[in-house]
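Chemist: build me a model:
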Amino acid sequence: MARVFITGSTDGLGLANARTLLGQGHEVVLHARSTERAAAVGTLGASVVVGDLSSDTETRSVAEQVNAIGQIDAIIHNAGVYLSGKRIATTDGHSRTFAVNVLAPYLLTALIDRPARLVYVTSGMHHSASGSLDDLDWTARNWNASQAYSESKLHVAALAAAVAHRWPDVLSNSVDPGWVPTKMGGSDAPDDLELGHDTQSWLAVSGDPAARVSGYYWHHRRHQKPAPQVDDPGFQDRLIDALAAITGTILP
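Modeler: Reported below is the predicted structural model:
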């Protein structure tokens, strides 16, 4: 059985992944933003690490907590936010959307002892992103919540592809779960919640040869064509260099 760490796993797709994997007999390490949210999943019988992924310091603490548990076999980078209204700055001065959706998975990828499999949750909205790496943090442009979210999901899909290219011993993929009825997606979301989390769990632990691949963008267990920047090695390298400069942490 595998040991799987899932970010943002106290509700929504992350919690659904946790329940699925626990039901299959796997060991799951949950992640909660606060001790209050950790208490809400205490009955699942899983380990829980705590930290707000909008904070550089707390994200680094999450990585330390995970490494202290022992070797992780797979990580599902599920945590994400969509913030309407004005730009919300973190304590480090970053856009919260950029911090949680991009900087946190980058830091956790760099700092957690390398697992065998990595799964990054992206979105079909990444196709509408501008593709520019200028002003990643939205300090020069007028804030646009939808565009900021779309860009963050383009960046996390490109991060997954970059890791697949740089770490050939690791299976790294990105997944579009669809627009599903979670707290973030809203009750009117049209897609299926079960299908929305199935691919992530499958890629994390399955022995199916179809799941033992790397560098793909998925939707409902099928390969999809991502935005061209995702598979562009030059774009990947520029993104990784920019994230390393912002965080002060180099991807090994």
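
Chemist: point out where the stretch 51-200 of the chain drops to low pLDDT.
Modeler: By pLDDT under 70, the weakly predicted segments of the stretch 51-200 of the chain are 179-194.

Chemist: now the helices for it?
Modeler: Counting by DSSP state H, counting those that start in this stretch, residue ranges of the helices within the stretch 51-200 of the chain are 56-69, 96-98, 104-111, 145-166, 193-205.

Chemist: could you work out the end-to-end span of stretch 40-47 for me?
Modeler: 13 Å (Cα to Cα, to the nearest Å).

Chemist: begin at 34 from here
Modeler: Will do, 34 is the new start, and the previous item becomes stretch 73-80.

Chemist: identify all contacting residues around it.
Modeler: Counting by Cβ atoms under 8 Å, 6 or more residues apart in numbering, stretch 73-80 makes contact with 42-43, 48, 51-52, 55, 60-63, 65, 81, 102, all of which sit outside it. Heads up, the C-betas are built off the backbone N, CA and C, glycines and all.

Chemist: of those, which belong to helices?
Modeler: Counting by DSSP state H, these place Leu48, Ala51, Arg52, Leu55, Ile102 in helices.

Chemist: neighbour-wise, which of these leads?
Modeler: When neighbours are counted by other Cβ atoms under 10 Å, Ala51 leads the ones in helices among the contacts of stretch 73-80 with 26 neighbours.

Chemist: what's the end-to-end length of stretch 160-168?
Modeler: Counting by Cα to Cα, you get 18 Å between the two ends of stretch 160-168.

Chemist: pull out the buried positions in it.
Modeler: His160, Ser161, Ala162, Leu166 (16 or more other Cβ atoms under 10 Å).

Chemist: all strands for the stretch 184-285 of the chain, in order.
Modeler: Taking DSSP state E, counting those that start in this stretch as the test, the strands found in the stretch 184-285 of the chain are 204-208, 250-252, 255-257.

Chemist: just checking, what packs against the last one?
Modeler: Strand 255-257 is packed against strand 250-252, with contacts defined by 3 or more Cβ pairs under 8 Å, 6 or more residues apart in numbering; DSSP states H and E.

Chemist: contact partners of the strand it packs on?
Modeler: Residues outside strand 250-252 that contact it (Cβ under 8 Å, 6+ apart): 155, 157, 190, 193-194, 206-211, 232, 236, 256-259, 263.

Chemist: and of the buried residues of stretch 160-168, the nearest to Asp146?
Modeler: Each of the buried residues of stretch 160-168 was scored against Asp146 by Cβ to Cβ, and Leu166 proved nearest at 28.6 Å.

Chemist: quick check: the closest one touching Leu272?
Modeler: Yes: the pair Leu166 / Leu272 is scored as a contact, 6.1 Å apart, by Cβ atoms under 8 Å.

Chemist: list the residues that contact the spatially most central residue of the chain.
Modeler: Centroid-nearest residue in the chain: His110, 2.9 Å away (criterion: Cα atoms, centre = their mean). With contact taken as Cβ under 8 Å, 6+ apart, His110 is in contact with Thr40, Pro138, Leu141, Thr142, Leu151, Val152, Tyr153, Val154, Val189.

Chemist: ditto for Leu204
Modeler: Ala149, Arg150, Leu151, Ala197, Leu236, Arg245, Val246, Ser247.

Chemist: for Phe38, what are phi and psi?
Modeler: According to degrees, to the nearest 10, the main-chain angles of Phe38 amount to phi -100, psi 130.
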